[in-house]
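Enquirer: give me the fold of what follows.
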Amino acid sequence: MYRRNIRHILIPLAVGLALLIGYNLFLKPLHPSLTMNPTETVVSVPPPPVPPQTKPSESESRHIRTLDQTVIPPTPHQALLEGIRDEVEKHNLSLAENKLKALPASVLSNGQSKSFIAILWNNLGLQQERLQGTGASLGAFKKAAELDDTNPVILMNLAHAYWEQRDRALNVEFLTKLMKVAPGEPFPHLAMADLLQEQDDLTGAATHLAQATQRAKQDPALQSYLATVTERVQRTQSVESRMTARSSTHFVVKFNGEEDQTTWTSVLEILEEAYRDIGQKFGHFPTKPITVVLHAKELFQGSTGSPAWADGLYDPTLGRIQIPTQGATTDRKWLATVLRHEYVHALLHDRLGSQAGALPTWLNEGLAMQLAGDSWPDLDEALHGELKVIPLASLEGPWGAFTAEASIVAYLEANSATHFLMERWGMARVDDLVKAFQAKASVATAFQDKLLISYEQFHRQWLERYERARS
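Expert: A predicted model of the protein is given here:
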């Protein structure tokens, strides 16, 4: 999310924060595990409401995943299969995998043995996923599906692995087959809706979301998620149906208003430059074209649901960069700054896939500012004002409910902390940190494992640097 010009609120900010600080002097810090200097005042920021998940969690979308491997079919190869099963059960995963790969063709040609071997590959994949992450399990699930492509549990496990890895093999052909094999499951329709909205087929996406909702009647959490996403897709379809679109190699740009060739050209030039420049800095390029929507100024907030202080946002549910058009035709510098900032968010989401929400918001926003090369003179000006510290732990979640005043502090700290992170440890280590979040590590674990420093120590060292910069 990109924040608009803040100069006009600095004076009321100082007054408001002074009142807020006085009130909070009588309260405990929000996150006592982060040791603060006794002379520092911590601004208490009310936690914003938790937004709908961009993807359903495992508990919402997964049911039976393990297949029964206790009964070995009566074949001449029974003892061999029993030995492999025992290795899987004892979690000797490398040994079990090697034995499965070494099975002779005569074993695989037996129908009963073949089905049981598919079960062994499936259960091996589940163990690999539990211990090493989804990436390690994908090969096992593929092997299982090659051996038995009629087993709904096996195909569902493979589909979930594709989903979490953002693998392009989760395509229309595969999902259509999965719908036939597992007709009562909502997930194939949810994944198909996700795929269709990426292809800008919002009508088809809405149709499959409705079918997913129909099949998720017994799952209230998934029902809630689907209802939210359906509403967003329908609202987007309504807004964008009146827009004109233009494409480049890596982007689709939609414009709300009269066609303006100069605007099209400027937007696409800025985006293609960002694609090359930021992609090289971050070492990642998008796996698919990114949609950018330019809204009329008066419709931006209502169309996107963004906070009043936002000048742009990236919508991870629909995979769109959305910005208002004020300034787009007259201020190329403003346009470039906003587009580059939101492009980093899109790139991070593409890189992290279903785990994008695991990245602390302060790091997400900080990387957007640092990699985009943002120059925010208003924030530099605010840095030396009467602002007080919000612990980074309070900036890990969503910021949408923050006041304009709190958002200033949040962006200042995100930019400062991320700059310190990159300057002290280098981009390669920061990339390791991002990978740790992708692997579902907690903030504390990621910092300790990848930077060899506790989160509390990092916070303390960064805070010392931050306060020196403000003095």
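
Enquirer: mind listing the helices for the stretch 201-350 of the chain?
Expert: Under the criterion DSSP state H, counting those that start in this stretch, helices of the stretch 201-350 of the chain are mapped to 202-215, 220-240, 261-282, 300-304, 332-352.

Enquirer: okay, the last one in CSV with CA atoms only?
Expert: What follows is helix 332-352, C-alpha atoms only, in CSV (Å, rounded to 0.1, in the frame of the first residue of the first chain):
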residue,chain,number,x,y,z
ARG,A,332,5.0,11.4,-13.9
LYS,A,333,7.2,11.3,-10.8
TRP,A,334,4.2,10.6,-8.5
LEU,A,335,2.9,8.0,-10.9
ALA,A,336,6.3,6.2,-11.1
THR,A,337,6.7,6.2,-7.3
VAL,A,338,3.3,4.7,-6.6
LEU,A,339,3.5,2.2,-9.4
ARG,A,340,7.0,1.0,-8.4
HIS,A,341,5.9,0.7,-4.8
GLU,A,342,2.9,-1.4,-5.5
TYR,A,343,4.8,-3.5,-8.0
VAL,A,344,7.1,-4.6,-5.2
HIS,A,345,4.1,-5.8,-3.3
ALA,A,346,2.9,-7.7,-6.3
LEU,A,347,6.3,-9.2,-6.8
LEU,A,348,6.5,-10.3,-3.1
HIS,A,349,3.1,-11.9,-3.4
ASP,A,350,4.1,-13.7,-6.5
ARG,A,351,7.2,-14.9,-4.9
LEU,A,352,5.6,-16.1,-1.6
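
Enquirer: orientation of that helix relative to helix 261-282 in degrees?
Expert: Helix 332-352 and helix 261-282 are oriented at 50 degrees to each other (axes from the mean of the first three to the mean of the last three C-alpha atoms, to 10 degrees).

Enquirer: so for this structure, the centremost residue is which one?
Expert: Among the residues of the chain, the one closest to the centroid is Ala356, at 2.0 Å (C-alpha atoms, centre = their mean).

Enquirer: rewinding a little: just name the most buried of the helices of the stretch 201-350 of the chain.
Expert: Highest mean neighbour count among the helices of the stretch 201-350 of the chain (mean count of other C-beta atoms under 10 Å): helix 332-352, with a mean of 22. Just so you know, the C-beta spots here come from the backbone N, C-alpha and C atoms, and that holds for glycine as well.

Enquirer: name the helices or strands packed onto whichever helix or strand comes after that helix?
Expert: For helix 332-352, the succeeding helix or strand toward the C-terminus, using DSSP states H and E, is helix 361-372. If you count contacts as 3 or more C-beta pairs under 8 Å, 6 or more residues apart in numbering; DSSP states H and E, helix 361-372 packs onto helix 261-282, helix 332-352, helix 404-425.

Enquirer: format those as JSON lines; extra columns: mean pLDDT.
Expert: Listed next are these as JSON lines, based on pLDDT from 0 to 100:
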{"stretch": "helix 261-282", "mean pLDDT": "87"}
{"stretch": "helix 332-352", "mean pLDDT": "88"}
{"stretch": "helix 404-425", "mean pLDDT": "91"}
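
Enquirer: check contacts around the nearest residue to Leu95 once chain neighbours are set aside.
Expert: Residue nearest to Leu95 in three dimensions, not counting chain neighbours: Glu87, with 5.0 Å by C-beta to C-beta, 6 or more residues apart in numbering. Taking C-beta atoms under 8 Å, 6 or more residues apart in numbering, we find Glu87 in contact with Leu93, Leu95, Ala96, Lys99.

Enquirer: and with 7 Å instead?
Expert: Counting by C-beta atoms under 7 Å, 6 or more residues apart in numbering, Glu87 touches Leu95, Ala96, Lys99.

Enquirer: in strands, which of those residues fall?
Expert: Within the contacts of Glu87, no residue falls in strands by DSSP state E.

Enquirer: filter the residues you listed down to the buried ones, ChimeraX style.
Expert: Only the buried members of the contacts of Glu87 end up in this ChimeraX selection, burial being decided by 16 or more other C-beta atoms under 10 Å:
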select :96,99
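
Enquirer: which of the contacts of Glu87 lies closest to Leu339?
Expert: Set against Leu339, the nearest of the contacts of Glu87 by C-beta to C-beta is Ala96 (49.5 Å).

Enquirer: which stretch of helix or strand covers the residue nearest to that closest one when sequence neighbours are not counted?
Expert: Residue nearest to Ala96 in three dimensions, not counting chain neighbours: Glu87, with 3.8 Å by C-beta to C-beta, 6+ apart. Applying DSSP H and E as the criterion places Glu87 in helix 78-89.

Enquirer: no further questions, thank you.
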